[in-house]
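Participant: Could you work out the structure for the sequence below:
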Amino acid sequence: MKNNVKAVRNERGMTQAQLAERIEVTRQTIGLIEKGEYNPSLQLCVALAKALNKTLNDLFWEVDE
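Facilitator: Numbers count the residues shown, from 1 in each chain. The predicted structure is shown next:
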């Protein structure tokens, strides 16, 4: 699943570890989400959106290019 988590995290100047700590998951989980190798639960998606001050659409909506 393609997402914008990494780009937004970088815009915020956060490391994977900082984001992981903020939402109480492991850094490895953040890495897998960013690579599209882990399908997060809705609860985790909402936590990511809140931590990054973005909407779910901003982070996870696929755009046809």
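Participant: in the protein, which helix has the most residues?
Facilitator: The longest helix of the chain (DSSP state H) is helix 42-52.
Participant: Just give me the neighbour total for Leu48.
Facilitator: Residues near Leu48, counting by other C-beta atoms under 10 Å, number 24. Any C-beta I mention is one placed from the backbone N, CA and C, and that applies to glycine too.
Participant: avg pLDDT for the longest helix of the chain?
Facilitator: On average, the pLDDT along helix 42-52 is 97.
Participant: Now do it: which elements does it pack against?
Facilitator: Helix 42-52 is packed against helix 5-11, helix 16-23, helix 56-60, with contacts defined by 3 or more C-beta pairs under 8 Å, 6 or more residues apart in numbering; DSSP states H and E.
Participant: who wins for proximity to Ile33 among the ones you listed?
Facilitator: Among the helices and strands packed on helix 42-52, helix 5-11 comes nearest to Ile33, with 5.7 Å by C-beta to C-beta.
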